[in-house]
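Enquirer: below are the sequence and a predicted model for it; my questions follow.
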Amino acid sequence: MAPTISVNGESEPLIAETVAALVAEKAQQTNRTGIAVAVNGAVVPRTAWNATALHPGDRIEIVRVLQGG
(Lines give C-alpha, C1' and ligand atoms only; values in the text may rest on other atoms or scores of the structure.)
Protein backbone atom coordinates (compact mmCIF):
# COMPACT_ATOMS: atom_id res chain seq x y z
CA MET A 1 0.00 0.00 0.00
CA ALA A 2 1.36 3.42 -0.98
CA PRO A 3 2.04 5.95 1.79
CA THR A 4 -0.67 8.58 2.20
CA ILE A 5 -1.19 12.00 3.73
CA SER A 6 -4.34 13.93 4.55
CA VAL A 7 -4.78 17.24 2.72
CA ASN A 8 -7.70 19.34 3.93
CA GLY A 9 -9.33 16.19 5.29
CA GLU A 10 -8.91 14.12 2.11
CA SER A 11 -6.55 11.15 1.97
CA GLU A 12 -4.17 11.13 -0.98
CA PRO A 13 -0.90 9.47 -2.00
CA LEU A 14 2.26 11.03 -0.64
CA ILE A 15 3.94 12.36 -3.80
CA ALA A 16 5.29 15.79 -2.82
CA GLU A 17 8.38 15.68 -0.62
CA THR A 18 8.04 19.14 0.95
CA VAL A 19 5.37 21.65 1.90
CA ALA A 20 6.58 23.91 -0.94
CA ALA A 21 6.15 21.12 -3.50
CA LEU A 22 2.66 20.32 -2.21
CA VAL A 23 1.57 23.96 -2.35
CA ALA A 24 2.94 24.25 -5.90
CA GLU A 25 0.97 21.14 -6.86
CA LYS A 26 -2.26 22.37 -5.27
CA ALA A 27 -2.13 26.11 -6.00
CA GLN A 28 -4.29 27.25 -8.89
CA GLN A 29 -2.01 30.20 -9.59
CA THR A 30 1.67 31.00 -9.42
CA ASN A 31 1.12 33.80 -6.88
CA ARG A 32 1.02 32.05 -3.51
CA THR A 33 0.27 35.10 -1.38
CA GLY A 34 -2.61 34.60 1.01
CA ILE A 35 -1.90 30.90 1.58
CA ALA A 36 -1.26 29.43 5.02
CA VAL A 37 -0.19 25.84 5.71
CA ALA A 38 -0.34 23.75 8.86
CA VAL A 39 1.22 20.30 9.26
CA ASN A 40 -0.13 18.16 12.08
CA GLY A 41 -1.73 21.22 13.65
CA ALA A 42 1.37 23.44 13.58
CA VAL A 43 1.51 26.43 11.23
CA VAL A 44 4.53 26.27 8.93
CA PRO A 45 6.02 29.70 8.16
CA ARG A 46 6.41 30.38 4.44
CA THR A 47 10.18 30.68 4.98
CA ALA A 48 10.22 27.03 6.11
CA TRP A 49 8.12 25.52 3.30
CA ASN A 50 11.16 24.34 1.30
CA ALA A 51 12.78 22.73 4.33
CA THR A 52 9.66 21.09 5.79
CA ALA A 53 9.53 17.46 4.68
CA LEU A 54 6.26 15.56 4.44
CA HIS A 55 5.91 12.08 5.94
CA PRO A 56 3.32 9.29 5.65
CA GLY A 57 0.34 9.98 7.87
CA ASP A 58 0.89 13.76 8.05
CA ARG A 59 -2.23 15.92 8.26
CA ILE A 60 -1.88 19.04 6.13
CA GLU A 61 -4.29 21.95 6.01
CA ILE A 62 -3.90 24.48 3.19
CA VAL A 63 -5.94 27.65 3.63
CA ARG A 64 -6.32 30.50 1.16
CA VAL A 65 -7.29 33.90 2.55
CA LEU A 66 -9.90 35.70 0.46
CA GLN A 67 -10.93 39.32 0.66
CA GLY A 68 -14.55 40.02 1.26
CA GLY A 69 -16.88 42.54 2.64
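Expert: Here it is on my side, so go on.
Enquirer: residues in contact with E17?
Expert: Counting by C-beta atoms under 8 Å, 6 or more residues apart in numbering, E17 makes contact with 53-54. No exception for glycine: its C-beta is placed from N, CA and C like everyone else's.
Enquirer: do you have the strands of the protein handy? List them.
Expert: 4-7, 10-13, 35-39, 42-44, 59-64 (DSSP state E).
Enquirer: okay if I get those as a markdown table plus mean pLDDT and distance to T52?
Expert: Shown next, in a markdown table, are these (pLDDT from 0 to 100; distance: least, C-beta to C-beta, whole Å):
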| stretch | mean pLDDT | distance to T52 |
| --- | --- | --- |
| strand 4-7 | 98 | 13 |
| strand 10-13 | 97 | 18 |
| strand 35-39 | 96 | 7 |
| strand 42-44 | 98 | 5 |
| strand 59-64 | 94 | 10 |
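Enquirer: mean neighbour count and distance to A24 added to the ones you listed, as CSV?
Expert: Putting the strands of the chain into CSV (neighbours: other C-beta atoms under 10 Å; distance: least, C-beta to C-beta, whole Å) gives the following:
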stretch, mean neighbour count, distance to A24
strand 4-7, 17, 13
strand 10-13, 10, 15
strand 35-39, 17, 11
strand 42-44, 13, 14
strand 59-64, 15, 11
